[in-house]
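# fold the following for me, if possible:
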Amino acid sequence: MLSSNKLLLLLLLCVLLGDFNLPKLFKLGEVLDPLTQNFENCFSDLGLLNMNILPTRGDNCIDLILSTSPQLVFNVKTFDPFCDTDHNSIVFKVYVLINLIIRIFLSGTFEKADYEFH
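Now for the predicted structure:
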């Protein structure tokens, strides 16, 4: 079983991305509708920060890159849409600590784990 410190470290290294279709979310001075406000509260409570402020559909930033650690995501850029989509493409880099992640998982004693579903 992973220790609480190791689990916390993995949670700190989270990147979540997608088309969230919340055009008012990052526009200054906009009054947020209840759904958008709930979403903002949720990802804020989870410690997630949006790493993309560039517009991805018209002048709206609806494709988000959320991360618990701003140092993980960098060089965010948008380009023309790919194929037939109406959204700009987003290209970015993610700093991956692969050696750290491997050490976290391999340091456990998995032969003692209880794999039964309860």
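# Phe74 pairs with what?
Bridge pairing for Phe74 (DSSP bridges) gives the partners Lys93.
# residues contacting it?
Counting by C-beta atoms under 8 Å, 6 or more residues apart in numbering, Phe74 makes contact with 92-93, 95. All C-beta spots, glycine's among them, are computed from the backbone N, C-alpha and C.
# let me know the pLDDT of Asn38.
You'll see Asn38 listed with a pLDDT of 91.
# quick revisit: now the contacts of Phe74 as JSON lines including neighbour count?
Below are the contacts of Phe74 laid out as JSON lines (neighbours: other C-beta atoms under 10 Å):
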{"residue": "Phe92", "neighbour count": "16"}
{"residue": "Lys93", "neighbour count": "11"}
{"residue": "Tyr95", "neighbour count": "11"}
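# which among those gets closest to Met51?
Closest to Met51 out of the contacts of Phe74 is Phe92 (7.3 Å), distances taken as C-beta to C-beta.
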